[in-house]
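A.B. asks: Fold the following and give me the result.
(2 chains)
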Amino acid sequence: MPDQVTLTIDDVKVTVPAGTLVVDAAKAAGIDIPVFCSHPKLDPLGACRMCLVEFVGSRGSRLDTACTVRVAEGMAVRTNTEQVKAVREANLGFILINHPLDCPICDKGGECPLQDQTMAYGPGVSQFVEPKRHKNKRYPISDLILLDQERCILCWRCIRYLEEWEDKPQLGLFERGGETMIDTFPGQPVDAKTSGSIIDICPVGALTNRVARFRYRPWELKKTPSVCNHCPVGCNLRLDERVHALRRIVARENMAVNDEWICDKGRFVHQFVDHPERLKKPLVRDAQRGTLREATWDEALDRVVEKLGALVEANGPNTVGGIASPRVSNEAAYLFQKFFRALVGTNNVDFAGGSAVRAWPTGLSAITDIARSDLIVLVGFDPSEAAPLLAVHIKRVVLRKGAKLLIIHPRRIELAKYPGAYLPVLPGNEAALLGELAAAVQASKGVRGQEARGKQAARNPQSPGPGPQYPDVVALLAAAKSPLFIYGPDVARGERGRATVAALLNLATALGQGDKLAYIGAGANEQGVRDMGLLPDTLPGYAPVSDAAVRERLGKLWGLQPPAEAGQTCARMIGGGVKGLFVMGDNLAALPAVAEALRKLDFLVVQDLFLTETAQLADVVLPACSFAEADGTYTNLERRVQRGPQGIRAVGESKADWAILTALAEKWLAAEGRGDRSGVAPAAAPELPDWKRKKRKAKTGPAAKPWNYPTAQSVLEEIGKAVPFYATMRWEALGEGGLQWSARDLRVGVRDSGLSNTQSPTSNPRPGEFLLVSSPLFWDASLFMQYAADQVRQLIPAPFVALNPADLATAKLAEGSQMTLTSPHGSVILTLKADASVQPGTVWIPATLPGLPAETLGGGRGEPISVVVR
Amino acid sequence: MLSDNAKAEIRALQARYPMPRSALGPALYVAQREAGWLPADVLAEVAALFGLDATEVGEFASFYHMYNTHREPGQYHIEICDNVPCMLGGAVKLGDLLRERLGIEFGQTTPDGKFSLGRVECLGACATAPMFMCTEKFTGRIRYFEELHTPEKLDEALALIASGHGFDTCERWPLGPFRHGGRPDTNFLLARVDKPDSHRIETYIADGGYETARRVITGAGTTPPRSPQQVIDEVKAAVVRGRGGAGFPAGQKWSFLPAGKYPRYLVVNADESEPGTFKDRMIMEYDPHQLIEGIILTSYAIEAERAFIYVRGEYYFAAQRLEGAIAEAEAKGFLGDNIFGSGKKLKVIVHRGAGAYECGEETALLTSLEGYRGHPRLKPPFPAVEGLYGKPTIVNNVETISNVPHILRHGADWYKQWGTPQSTGFRLFCLSGQVKRPGLYELPHGTTLRELIYEYGGGPTDDSGGLKAVIPGGLSVQFITADQLDIPLDYENLAKAGSALGSAGVIVIGADQSMIEIARRTVAFYREESCGKCTPCREGVPWLEAILERIERGEGRVEDIALMLYLADMIGGKSFCPFGYAAIWGLQSNLAKFRGEFDAAIAAARERPVIPIRPIYRPDAGAASGVTEPSLPLEEKYNAPTHRR
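C.D. replies: Residues are numbered from 1 along each chain as shown, chains lettered A, B, ... in the order given. Presented below is the predicted three-dimensional model:
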């Protein structure tokens, strides 16, 4: 079979790859063949009959559907004959007779393929004088999507999407003939996590977005290509704005990242952008009354400069620090760490889940590698809940190419139903299990393996020793030609996390696949903030702070060198290591224990969208913009740097993170220049305190260079100088699809490969005690969810704890009852749920539930937590 | 909650198929028998047993007429066929009588929950019209009650059902094979049906049954066994054309199988649903071993080790008889792991459909057999290349397969002594409608319509006003008029006359019968049975029905005829599967040949109905509003009275 096939469509000769559908070949030839059921991402169906064209053969011409026929050499197709026109007109007539024609009140009106095709190919007037058929209108198929069965033209696109991509056949055809309708099974709403994709691909207004419904007319929208800010996949999306409000979000195609799908969080959770409770002005704590009051930007920033400066000068730079959120832009993260390193003079910068997590700095080799792999090993990572688009890609390669999954997780996650193996593991035992697997793989390799096994056994006497415990798993691993090893933050925290990652690397190396290890973080820009050096021990570009050459290089760029000693981690800063703290975009105080610690600070600055629990404790609150209101770049889990341009006007006086930091730095530098950080002219403050006078005299030597960043793009330009592998990441060069930096540019030292597993395996919990599992849940109570639209907010579950049904039975506990759970860290009351996916001996309390029960009990610290249920 | 027994039964059903999902249909029968009907919770329970999403089971169940997903029927659910042949045989009167006797309307259940009443499409009992089928709710048993010509007969049938003994047997009531006959020299397929215990293996063996299969597969005496290719060649030489409707030569179909691809499957299409057709039923009910020998030979020829008989769900008794016959043949070693001691394997599985005409289309049948809604699939790939479970599959009609033993017993030349070169052999002609002796007649291809209707059928009934029209090949083909009765019943001559032999269901229509009613009832059938997959059929056929109903009500418009011709033109050949043609051929020829009746009805129409505002789809469309009728562009093209398409 030749690779390329030449055919003629309406006298246009076109050459396309063999196997191309005629409808796609026509597109290549610039000829429009109208379609409804056909979709480039879905299997051919041939149901709507809209694409009937004439195939000219030796025995005359025959009609057939261009969406189901594949090209053949010498094929001749006619799309412009009288017959084809007549058939199109008739077919549109058929579709329209029972279509309600309520275009004036239909969300799709204006961007509706049915409208467009009726205009282009349809009959002028209806021939239909009979009563129309009636079906359900405004029919909810989930909390997020409405179905109008009358508008539906039964193209099956939604059904096929859920079947072919989500493997969740939750929409089906019910009844038959003219009564056929798309429906859910009674009582079973669509809950696929990318369900909103069916709205995008619906060729009529049958499926509408309940959050965005009636909030726009398509032709009024200003559309901005952007990047999602919810998880590290970095799905491409489009922000649709009308009169300065974000009306809706739709998916944007990027074949390297999200194909053309986005998850329901990315699509529906956007009301936080223009939520009425957004901070619109800076706030400062009133000295007299002790409460927060509105202030001007000048006043607020002056207060920060003054107070932080005072702490620095009184107690040294190491008594202040900054904690940022891993969802802020690269520009914000870069300037944040630069502020502390170059101006304050400390390496005290970190983010929650930053230095505490043993992250593999190069992320995933490429998202498209998923489609090329034959085995995906998931260790402590649940894509379905944490990064649904990865789950979509993984399901696709499983369903279409027969890839296998090896899942090592304390919970039987959704993907565990697919071929491969699921190894349940008690939290904390991952390293031991991976060690055993690596040894078993070595052993299966023969003599050389024998030696390795000996070493392994010597190193880790507690390990039960390699044996034929997992023959199937070892065979699965050995058979894989292009495996991927993916782990998540849950198994990479703390010392145990280091051991787990080392063991996983050992395993991958033992299979000769050491370069296939991938870490997938939790924050939307976690890769980017790490690249930017938002870590206490790492400079921009992953050089350790001890690297004098890099410090010198940065010193030339910044005017001042960063300190050589590592800064404090997030936990230490919160735990009393600093007196002054700058928190950018993270609501640390949502956890009462942290709030208690933050109260002890001398000075707290919070930069955020809302008056969060943390902001309420702050001395100065700086109103920041959301991702939709500010230019910025974000780096996703495959090191793809993508643009997120400003899509709507900033709310109130809020400013982009990078702009706030620039303004602050300018004031800081000005104060420094004057030898005065109070922000007021020296004349206005005649009595200078002692520390200032002393300090002023000491002010000699190198000075920080001015911060001249009129735009985010100018920050990105400097990032290119600070981080070698960002040198080519210019705003224009990124284009609409982004650019990946090459993992080869970053030679990752395999420093930990020989690290032995020093952690004792977790023992089975005692009767009545359970090990806490706090892996994430998609619909959680994270900040954006709390400020989402009502339809979305009701998806936040009431706090619960899930146990294996067998455990419930043994402990004689009833589902639905309220139980007190106690751990060494705290105690919470939760509703009991039975869930067979939870392993016996464990309790699952998802991360970030309302009230943060899992975190209160000590979840997410990288240590096994034993919980008593009463 | 399903009982443990039911669950075990469902699991056993799953084990019968290469893919458990195929057992979904049979499992729903089990569940329906247990629960009385199929509400959502029962469907969800079945879904759990299959590891399917409940949606998948829900959409499957709601596709098929015989699964009661909307309401629980009475203890005895009576469904009357009023499709065209039955309508001609007095089904409307029977319906009125039934409603009066039971005191309920269609769709209702008697207050005591004993009887419920419904309508159903053709049940394959056209020669024994009027009739109804009755389903016993908690056993799932189905029995046909036929020839209910008089109120007394109906009362007798109802009394039998009410007595609780109505289902002591599921054989048709009255018992025994219905009227049949034919030429003595072509009495092959129906040769045994009158014998006592005609369905038993002993009867068949005594008649030389299974000897042909044994001889072909194992050889006899000095005759060596024949190779599968030789069998295919023999059948190919005999030019056995498919008896299901399309008339594709069976041997040729078999030779499309791709070499070296296994497993292969044989699927026997016993979904006899074309109105006017009831021949396969007779074979399966009264001579099932003939079919099984055909299956053995065909499976041998195509090298299949599994054969499925997809029997329409309403043919409960036929399915019972087939199961019995298969058990007998297995016991004798004619089926199983070592057929005739040859080492060859063959397992035959009877699969009941559940009421969907579309499943007679071979790809829809396969989809249905795999446990999905009976939607047709794209061709190519053809089933012979990628059929059941994606494997090479041959789908043949019951009568086609039943011809195979005769051909291999006597040879292709013997077979070709009857009929014409392109329509060889003999045929089961199903004669129904307004004729004195409706029934099943086995005659050579090429017998004229006149001979069939007058010589065997005794001519039109006395109250018919004489013969007006004949539908020669099942409801989906074009009409033949009284002046065309000398047409020989074969493929080529009927094609020449603008019709088709189809499934050889010959329906006779009397002069007093309204052709508008025929047209409306025909289109109603296709509207009811459209699978809903493609636009022209799903939307166009109900539109045609609405127009015809309006004309029948006396609200026809002059432009309706052109509109109907236009719609028919835009359905036929534009739809996904041949169903589109089937739905409109009858109407097209009806309008061409009996246009006068339509014109008269329209001319006599009452005041013109108030037409709602007709939407203008495009602002640039010629006419401004619906106040006055714009002249239809169709008018000119479709208004010629002698229009023949």
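
A.B. asks: Name the helix or strand for the residue of the stretch 451-600 of chain A at minimum distance from chain B, please.
C.D. replies: Of all residues in the stretch 451-600 of chain A, A:Asp472 sits closest to chain B, at 21.2 Å by Cβ to the nearest Cβ. For every residue, glycine as well, the C-beta is placed using N, CA and C. For A:Asp472, the host element (DSSP states H and E) is helix A:471-479.

A.B. asks: Tell me which other helices or strands that helix touches.
C.D. replies: Counting contacts by 3 or more Cβ pairs under 8 Å, 6 or more residues apart in numbering or on different chains; DSSP states H and E, helix A:471-479 packs against strand A:375-379, strand A:404-409, strand A:420-424, helix A:430-444.

A.B. asks: before we move on, back to that, how near is the residue of the stretch 451-600 of chain A closest to chain B to B:Pro249?
C.D. replies: With distances taken as Cβ to Cβ, to the nearest Å, A:Asp472 is found 51 Å from B:Pro249.

A.B. asks: how about residue 373, what does it touch?
C.D. replies: Just so you know, I chose chain A. If you count contacts by Cβ atoms under 8 Å, 6 or more residues apart in numbering or on different chains, A:Ser373 has them with A:397, A:403, A:480, A:482-484.

A.B. asks: Actually, chain B is the one I wanted.
C.D. replies: A:173, A:176, B:59-60, B:63, B:367, B:531.

A.B. asks: Sort out for me which of the residues you listed are in strands.
C.D. replies: Cross-referencing the contacts of B:Arg373 against strands under DSSP state E gives A:Leu173.

A.B. asks: now, which of the contacts of B:Arg373 sits nearest A:Cys570?
C.D. replies: Proximity of those to A:Cys570 (Cβ to Cβ) peaks at B:Glu59, which lies at 51.1 Å.

A.B. asks: what's the closest non-adjacent residue to the closest one?
C.D. replies: Nearest residue to B:Glu59, sequence neighbours excluded (Cβ to Cβ, 6 or more residues apart in numbering or on different chains): A:Gly172, at 3.4 Å.

A.B. asks: got JSON lines for the contacts of A:Ser373, with distance to chain B, pLDDT and neighbour count too?
C.D. replies: Formatted as JSON lines, these follow (distance: Cβ to the nearest Cβ, whole Å; pLDDT from 0 to 100; neighbours: other Cβ atoms under 10 Å in any protein chain shown):
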{"residue": "A:Val397", "distance to chain B": "20", "pLDDT": "98", "neighbour count": "20"}
{"residue": "A:Ala403", "distance to chain B": "20", "pLDDT": "97", "neighbour count": "25"}
{"residue": "A:Ala480", "distance to chain B": "26", "pLDDT": "94", "neighbour count": "20"}
{"residue": "A:Ser482", "distance to chain B": "26", "pLDDT": "95", "neighbour count": "13"}
{"residue": "A:Pro483", "distance to chain B": "27", "pLDDT": "96", "neighbour count": "23"}
{"residue": "A:Leu484", "distance to chain B": "27", "pLDDT": "96", "neighbour count": "25"}
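
A.B. asks: So which other helices or strands are in contact with the helix or strand where A:Val304 lies?
C.D. replies: Element membership for A:Val304, per DSSP H and E: helix A:297-315. Contact here means 3+ Cβ pairs under 8 Å, 6+ apart; on that basis helix A:297-315 packs against strand A:283-285, strand A:320-324, strand A:580-584, strand A:603-608, strand A:620-623, helix A:657-674, helix A:690-698.

A.B. asks: Among those, which comes closest to A:Tyr418?
C.D. replies: strand A:320-324 (37.1 Å).

A.B. asks: A:Phe268 versus the residue of the stretch 601-750 of chain A found nearest chain B, what's the distance?
C.D. replies: For the stretch 601-750 of chain A and chain B, the shortest gap (Cβ to the nearest Cβ) falls at A:Leu637, measuring 30.2 Å. If you measure A:Leu637 against A:Phe268 using Cβ to Cβ, the figure is 22 Å.

A.B. asks: what does the stretch 1-150 of chain B put close to chain A?
C.D. replies: Contact residues (Cβ under 8 Å from any Cβ of the partner chain) of the stretch 1-150 of chain B with chain A: B:40, B:43-44, B:52-59, B:62-63.

A.B. asks: Export the residues you listed to a markdown table and append columns for neighbour count and distance to B:Arg606.
C.D. replies: Output for the residues of the stretch 1-150 of chain B next to chain A, formatted as a markdown table (neighbours: other Cβ atoms under 10 Å in any protein chain shown; distance: Cβ to Cβ, whole Å):
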| residue | neighbour count | distance to B:Arg606 |
| --- | --- | --- |
| B:Ala40 | 16 | 45 |
| B:Leu43 | 27 | 47 |
| B:Ala44 | 19 | 51 |
| B:Leu52 | 20 | 53 |
| B:Asp53 | 21 | 52 |
| B:Ala54 | 23 | 50 |
| B:Thr55 | 27 | 47 |
| B:Glu56 | 22 | 49 |
| B:Val57 | 29 | 48 |
| B:Gly58 | 26 | 44 |
| B:Glu59 | 25 | 43 |
| B:Ser62 | 23 | 39 |
| B:Phe63 | 28 | 39 |
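
A.B. asks: neighbours of the residue in the stretch 351-500 of chain B that chain A sits nearest to, just the number please.
C.D. replies: Per Cβ to the nearest Cβ, the residue of the stretch 351-500 of chain B with the smallest distance to chain A is B:Leu378, at 5.4 Å. Residues lying near B:Leu378 (other Cβ atoms under 10 Å in any protein chain shown) number 16.

A.B. asks: Ok, B:His180 next?
C.D. replies: B:His180, neighbours per other Cβ under 10 Å, totals 22.

A.B. asks: list the contacts for it?
C.D. replies: Residues near B:His180 by Cβ under 8 Å, 6+ apart: B:190, B:193, B:282, B:439-442.
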